[in-house]
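>>> okay, predicted coordinates and the sequence, questions at the end:
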Amino acid sequence: AWSKVATDGIHPDVQFGVNGDRWYFFIGTATFAYEGIPMIIPVYHAMKDEKKHLYKYVAVLCCSFLLVLYIIFSSLCYLALGDTTDVT
């Protein structure tokens, strides 16, 4: 995707802003992206007591990293392919 954007530029069908017709796809994608969150409490309780104070920082760091990774990947693919991607 990066090389396609670098050589061909941004796809002409790219719409910046919120698409009012298909905004609900965001809800499904966000749910899929964070479906591992219920594992936080069992993993926290399985940790040794002397390491539990670090868990909050590690969890926030991991979730933040995944959020940035998903944003970069999806934005780059959308800029490269535009509306030629199919949601079905």
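It's in. Residues are numbered from 1 along each chain as shown.

>>> next helix or strand past the helix or strand of the chain with the lowest mean pLDDT?
One helix or strand of the chain scores below all others by mean pLDDT, DSSP states H and E: helix 25-33, with a mean of 74. Counting by DSSP states H and E, the next helix or strand C-terminal to helix 25-33 is helix 40-46.

>>> check which residues of the next helix or strand along the chain from that next one are buried.
Sequence order places helix 52-81 as the next helix or strand after helix 40-46, per DSSP H and E. Under the neighbour-count criterion of 16 or more other C-beta atoms under 10 Å, helix 52-81 has 78-80 buried. Backbone N, C-alpha and C define where each C-beta goes, glycine included.

>>> and helix 52-81, what does it pack against?
Packing partners of helix 52-81 (3 or more C-beta pairs under 8 Å, 6 or more residues apart in numbering; DSSP states H and E): helix 2-8, helix 25-33, helix 40-46.

>>> what sits against the residue most central in space within the chain?
The centroid of the chain falls nearest to Tyr70 when counting by C-alpha atoms, centre = their mean (2.6 Å). By C-beta atoms under 8 Å, 6 or more residues apart in numbering, Tyr70 lies in contact with Ala33.

>>> returning to that earlier point: need the helices and strands packed on helix 52-81 in JSON lines (columns: mean neighbour count and distance to Ser74).
Output for those, formatted as JSON lines (neighbours: other C-beta atoms under 10 Å; distance: least, C-beta to C-beta, whole Å):
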{"stretch": "helix 2-8", "mean neighbour count": "11", "distance to Ser74": "13"}
{"stretch": "helix 25-33", "mean neighbour count": "11", "distance to Ser74": "8"}
{"stretch": "helix 40-46", "mean neighbour count": "10", "distance to Ser74": "24"}
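
>>> out of the ones you listed, flag the one nearest Cys62.
Nearest to Cys62, of all the helices and strands packed on helix 52-81, is helix 40-46, at 9.7 Å by C-beta to C-beta.

>>> if anything else comes up later, I'll come back, but that's it for now.
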